[in-house]
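Undergrad: the following block contains a protein sequence and its predicted model.
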Amino acid sequence: MSDDARQAAERYRLDRRLREDGLEPEGAQAEAPARGSTAAERAAFVETSIQQAIRRGDFENLPGAGKPLPDLGTSHDPDWWIRRKIETEQLTGLGPPALTLRVEHAELPERLDAITHEAEVREAVGDFNRRVIEARRQLQGGPPVVTPTVDVDDEVAAWVERRRAREAAAAVEAPVRRRRRWFGRR
């Protein structure tokens, strides 16, 4: 807008004459319906705005125009967009506890195999069991928590067996070499 009052007054007169002649002033947009308007008036305003944008070509050349949304699946899922975001961004630890605990339960042996001390394995399994029990107690929305707790002693025994099997496999693969002392060389 201009700071000159004379220009603003002349612009007002010109806009008023154009409206009287049935023409729309340049750059004019339809005014939004008043706050107390009816739902039908608001819907008409939105529809008119959309039609004007179509005529101006605002919706031309949009990415993915005329193509179906990929990977929607066959069943109705109201949270499809958040699932896709989690997959594309490879986010972890998000979502309802029931789902995150299921995934963690499936990956528990691999997580435990990365630990080197038995006390840490016991602590990790105890922490997992505590979070499962806590998730069962909370009455939050989402799917029910069906993840079972894990017996600490059984998991430690399985961890020890996997560790022994890895060590045995490594011993078979690597040939046994005798170390010679530096002073024993000739």
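TA: It's in.
Undergrad: which residues of this structure score low on pLDDT?
TA: Scanning the chain with the threshold set as pLDDT under 70 gives 1-3, 22-36, 71-73, 93-94, 140-141, 174-182, 184-186.
Undergrad: show me where it has helices.
TA: 5-20, 39-56, 80-89, 97-106, 108-113, 118-137, 152-173 (DSSP state H).
Undergrad: quick one: the longest one to helix 118-137, angle?
TA: The reference is to helix 152-173. Interaxial angle, helix 152-173 versus helix 118-137 (axes from the mean of the first three to the mean of the last three CA atoms, to 10 degrees): 140 degrees.
Undergrad: export the helices of the chain as CSV, with columns for mean neighbour count and distance to Pro63.
TA: All C-beta spots, glycine's among them, are computed from the backbone N, C-alpha and C. Output for the helices of the chain, formatted as CSV (neighbours: other CB atoms under 10 Å; distance: least, CB to CB, whole Å):
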stretch, mean neighbour count, distance to Pro63
helix 5-20, 11, 37
helix 39-56, 11, 17
helix 80-89, 12, 15
helix 97-106, 16, 31
helix 108-113, 14, 38
helix 118-137, 15, 40
helix 152-173, 12, 48
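Undergrad: for stretch 145-163, list the C-alpha coordinates in CSV.
TA: The C-alpha coordinates for stretch 145-163 follow below in CSV (Å, rounded to 0.1, in the frame of the first residue of the first chain):
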residue,chain,number,x,y,z
VAL,A,145,1.0,-54.8,25.1
VAL,A,146,1.3,-58.5,24.4
THR,A,147,5.1,-58.7,24.5
PRO,A,148,6.1,-61.3,27.1
THR,A,149,8.7,-60.7,29.8
VAL,A,150,11.9,-62.7,29.5
ASP,A,151,13.5,-65.0,32.1
VAL,A,152,16.8,-63.5,33.0
ASP,A,153,18.6,-66.8,33.7
ASP,A,154,17.4,-68.3,30.5
GLU,A,155,18.6,-65.3,28.5
VAL,A,156,22.0,-65.4,30.2
ALA,A,157,22.3,-69.1,29.5
ALA,A,158,21.4,-68.5,25.8
TRP,A,159,23.9,-65.6,25.7
VAL,A,160,26.6,-67.8,27.1
GLU,A,161,25.8,-70.6,24.5
ARG,A,162,25.9,-68.1,21.6
ARG,A,163,29.1,-66.7,22.8
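Undergrad: what distance separates that stretch from the middle of the whole chain?
TA: Chain-centre distance of stretch 145-163: 30 Å, with CA atoms, centre = their mean, to the nearest Å.
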